[in-house]
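Colleague: Sequence and predicted model, in that order:
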Amino acid sequence: MLVAAVALAWNVSGHRLLDPDEGRNAEVAREMTLSHDYLVPHLDGLPYLDKPIVYFAATAVLMQLLGPTEVAARLPAYLATLATIALLVWFARRRWGEDAGWLAGLAYGTMVLPLAYARAAIFDSTLTLCTTAAILCFFEERPIVAWTALGVGALTKGPIALALVLVAVVPHALATGASVRRLFPWRGLAGFGLVTLPWFLVVSLRHPEFPFYVFVRETFQRLTTSSFHRTAPFWYYLPIVPVAAFPWIVPALGGEGWQSWRDTWRARREPAAREALLLPFWVIVPLLFLTLNQSKLPQYVLPLMPAFALGAARAIVTRGIATATRGYAVIALVAGVGLVALTRWLPAPLDLTPAEKAAIPPTAVALGIVVLLSGLLVRMGALRGAGRLTIAGYAIVVAAIPFVSGPLLAAVGEDRSSAAVAGATAAALARAGDASAVLGVAAFPPSLPFYLGRPVAVATETGAELTSNYIAQYHEQYRAAPGSPLVPAGSWREVLARCPRPTVFLATANNRDVRAALGAALPLLAADNHYAAYGPCRPQPPGAR
């Protein structure tokens, strides 16, 4: 478990913040540390109400202690993952014994998706902590604690926290004959209100449009329309879930046959069946909800992963260490050979940088060898009755990823971050003096203001470049505010011609007309696959024109 915890945090600062999400979230937290406004998040000086406050506030506190670094931006997700592991250890130990507790924690810490998002400056690991606490506390008949956890979850990522939990626990109660009414005690609902309402009311008083935005735009329309450009086929999560829960999904699902599930369902109203049915209800009904949701992303299924960890622990301790090991050995053989063979068929139509293409083959070979070794250890442990060997075989697959993927993550970070452009821009601004400025021409690299440590003005029609649906929807209102970073779309030409102060101009890499105009007047500072920086322009002395 200690090795898994180290692996989760290994090289957490080894790659740059990935745009758009990590860069934007880190910048919101950085601005919070400067303004000391822990109620209304801000991005580029404008209210950022796309997400609630918990993750931003936690990151801002860490930035006060550690400085505005990549580690501080990602640390809340890591700590939330460790807390989720602790919850699973507590629950499984109570239900199935001490070994099962550690096994459940180890399983969650060595799954693909929890590993990926324990190292990402986004909200889903914290949301998963809250939804896991709520579901387990509902099952343990501690609804007041459960509703408090739901309140924190709602302040982390909005009403989705309520939906993911209630669509699991309410059908489970109905199926097992438990009292649905006991899930909604007035003291629990009061606790939820005490956690969420003060912040909601304060923000609504400051920004009266907020209730409509959060309930209609960010919740109802996100669930029912394709306006957020995150639509995907109904089968979208079918290939994602097995990879996300690998390798522990194999013992979690392999321990039960069809006849066993049928018998459990027939006995669903008996007390012993409540536990067995909790885990499938935790996965199947929320997965159906997420499938019907018009907005789909891989991390949306992260709150389902604790169920697989508990399922694997329960199957192994109740059915024996050999549970599904033969099937896992076959899967590991196929996956390992496929990863090693990836070096031969990699030249597929993938949009990769040269550094990414160079880093993939050695990473794939190393992971392929680890997966093959994993299958061998799991099967050998089962045949010899060596439970620790089997458990180690499962765990090494994901625990090895951070140690062998450093060069690949660094290459991805360089491609998906504006750190390189920010470095060249910062050097040019330092030479130009304190009066210098940065102006994006329909361009706003989300991590750029974080790495520059300063706001970035944007010449824009809609404000969509800031990757904030809230700012884009109310851009006219905020464009008119004093000192707004949103300036008229065509004003950059006047700034370029007059140059009232030294200014670095940014353009998207594929905006040929703007780049041609900037390149004709200014030197190119830096360019990558996404953005290009030019300048700075030099103010002309009086009378020179």
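Modeller: Structure received. Everything numeric here is computed off the predicted structure, so don't read it as measured data.
Colleague: Point out where the stretch 51-200 of the chain drops to low pLDDT.
Modeller: Residues of the stretch 51-200 of the chain that meet the criterion pLDDT under 70 are absent altogether.
Colleague: Do a quick rundown of the strands in it.
Modeller: Secondary structure of the stretch 51-200 of the chain, counting by DSSP state E, counting those that start in this stretch: no strands present.
Colleague: ok, residues contacting the helix or strand in which residue 252 is found?
Modeller: Taking DSSP states H and E as the criterion, residue 252 maps to helix 249-254. For helix 249-254, contacts defined as C-beta atoms under 8 Å, 6 or more residues apart in numbering pick out 241-242, 245, 279, 308-309, 311-312, 315-316, 323-325, 327-328, 331, 394. All C-beta spots, glycine's among them, are computed from the backbone N, C-alpha and C.
Colleague: Please repeat the previous calculation with a cut-off of 7 Å.
Modeller: With contacts defined as C-beta atoms under 7 Å, 6 or more residues apart in numbering, helix 249-254 is touched by 242, 308, 311-312, 315-316, 323-324, 327-328, 331.
Colleague: so which of those comes closest to residue 42?
Modeller: Proximity to residue 42 was ranked across the contacts of helix 249-254 by C-beta to C-beta; first place goes to residue 308, at 37.8 Å.
Colleague: residues near the closest one, how many?
Modeller: Neighbouring residues of residue 308 were enumerated by other C-beta atoms under 10 Å; the total is 29.
Colleague: Same check on residue 357?
Modeller: By other C-beta under 10 Å, neighbour count at residue 357 equals 13.
Colleague: ditto for residue 178
Modeller: Residue 178 has 19 neighbouring residues, counting by other C-beta under 10 Å.
Colleague: Same question for residue 186.
Modeller: Burial of residue 186, expressed as a neighbour count using other C-beta under 10 Å, amounts to 8.
Colleague: Next: residue 171.
Modeller: 16.
Colleague: State the pLDDT value of the nearest residue to it once chain neighbours are set aside.
Modeller: Taking C-beta to C-beta, 6 or more residues apart in numbering, and ignoring the residues beside it in sequence, residue 171 has residue 285 as its nearest neighbour in space, at 5.3 Å. The per-residue pLDDT reported for residue 285 equals 95.
Colleague: Residue for residue, what is the longest helix the protein has?
Modeller: Ranked by residue count and defined by DSSP state H, the top helix of the chain is helix 354-384.
Colleague: Okay, and the residue nearest to residue 171 sits in which element?
Modeller: With secondary structure defined by DSSP H and E, residue 285 is part of helix 271-292.
Colleague: List the neighbours of that helix that are in contact with it.
Modeller: By C-beta under 7 Å, 6+ apart, the residues outside helix 271-292 that reach it are 95, 135, 139, 163-164, 167-168, 171-172, 175-176, 178, 234, 237, 264, 267-268, 300-301, 304, 307, 310-311.
Colleague: And for stretch 72-84?
Modeller: Contact with stretch 72-84 is made by 5, 8-9, 12, 17, 22, 25-26, 29, 55, 58-59, 62-63, 66, 108, 114, 117-122, 125-126, 128-129, 132, 306, as judged by C-beta under 7 Å, 6+ apart.
Colleague: Buried among these? Need that as a selection in PyMOL.
Modeller: In PyMOL, a selection of the buried entries from those looks like this (16 or more other C-beta atoms under 10 Å):
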select buried, resi 5+8+9+12+17+22+25+26+29+55+58+59+62+63+108+114+117+118+119+120+121+122+125+126+128+129+132+306
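Colleague: Please, where are all the helices along the stretch 51-200 of the chain?
Modeller: Remark: helices of the stretch 51-200 of the chain, listed N- to C-terminal, are 54-66, 70-96, 98-109, 112-118, 124-139, 143-157, 160-176, 186-206; assignment by DSSP state H, counting those that start in this stretch.
Colleague: which one of those helices lies closest to residue 389?
Modeller: Nearest of these (C-beta to C-beta): helix 98-109, 13.8 Å.
Colleague: Quick one: list the elements packing against the closest one.
Modeller: The helices and strands touching helix 98-109, judged by 3 or more C-beta pairs under 7 Å, 6 or more residues apart in numbering; DSSP states H and E, are helix 2-9, helix 70-96, helix 305-319.
Colleague: For residue 447, find the nearest of the helices of the stretch 51-200 of the chain.
Modeller: Judged by C-beta to C-beta, the one of these that comes nearest to residue 447 is helix 70-96, at 9.6 Å.
Colleague: What angle do helix 305-319 and the closest one make with each other?
Modeller: Between the direction of helix 70-96 and that of helix 305-319, the angle (axes from the mean of the first three to the mean of the last three C-alpha atoms, to 10 degrees) works out to 40 degrees.
Colleague: roughly how far is helix 70-96 from the heart of the chain?
Modeller: Relative to the mean C-alpha coordinate of its chain, helix 70-96 is positioned 15 Å out (C-alpha atoms, centre = their mean, to the nearest Å).
Colleague: Any buried residues in that helix, and which?
Modeller: Within helix 70-96, the residues that qualify as buried by neighbour count (16+ other C-beta under 10 Å) are 70, 72-85, 87-89, 91-93, 95-96.
Colleague: Nearest residue to the middle of the protein?
Modeller: With distances taken as C-alpha atoms, centre = their mean, the chain has residue 122 as the residue nearest its mean C-alpha position (4.1 Å).
Colleague: Pretty sure it sits against residue 25.
Modeller: Yes - Residue 122 is in contact with residue 25 according to C-beta atoms under 7 Å; the separation is 6.3 Å.
Colleague: For residue 246, grab phi and psi.
Modeller: The phi and psi values for residue 246, taken as degrees, to the nearest 10, are phi -70, psi 140.
Colleague: let's number from 386 now, not from 1
Modeller: Got it, first residue is 386 now, which makes that one residue 631.
Colleague: Please look at it and residue 497 and confirm they touch.
Modeller: Yes - using C-beta under 7 Å, residue 631 makes contact with residue 497 at a distance of 5.3 Å.
Colleague: residues near the nearest residue to residue 507 once chain neighbours are set aside, how many?
Modeller: Distance criterion C-beta to C-beta, 6+ apart; nearest residue to residue 507, sequence neighbours excluded, is residue 406 at 5.1 Å. Applying other C-beta under 10 Å, we find 19 other residues in the vicinity of residue 406.
Colleague: could the helices and strands packed on helix 483-494 go into JSON lines alongside distance to residue 676?
Modeller: As requested, those are arranged in JSON lines below (distance: least, C-beta to C-beta, whole Å):
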{"stretch": "helix 387-394", "distance to residue 676": "29"}
{"stretch": "helix 455-481", "distance to residue 676": "24"}
{"stretch": "helix 690-704", "distance to residue 676": "16"}
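Colleague: Spatially nearest residue to residue 830 (excluding sequence neighbours)?
Modeller: Closest to residue 830 by C-beta to C-beta, 6+ apart is residue 803, at 3.5 Å.
Colleague: quick one, what contacts the residue nearest to the centre of the chain?
Modeller: Counting by C-beta under 7 Å, 6+ apart, residue 507 touches 406-407, 410, 462, 684.
Colleague: hmm, 8 Å instead?
Modeller: When contacts are counted by C-beta under 8 Å, 6+ apart, residue 507 is found next to 406-407, 410, 440, 462, 684.
Colleague: same thing with residue 818?
Modeller: Taking C-beta under 8 Å, 6+ apart as the contact definition, residue 818 lies against residue 887.
Colleague: related to what we said a few turns ago, now the contacts of helix 634-639 in TSV, with pLDDT?
Modeller: Written out in TSV, the entries for those read as follows (pLDDT from 0 to 100):
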residue	pLDDT
627	96
693	97
696	94
697	95
700	91
701	93
708	87
709	90
712	93
713	95
716	95
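Colleague: would you list these in CSV and tack on distance to residue 832?
Modeller: Shown next, in CSV, are these (distance: C-beta to C-beta, whole Å):
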residue, distance to residue 832
627, 32
693, 33
696, 38
697, 37
700, 42
701, 42
708, 45
709, 42
712, 43
713, 39
716, 37
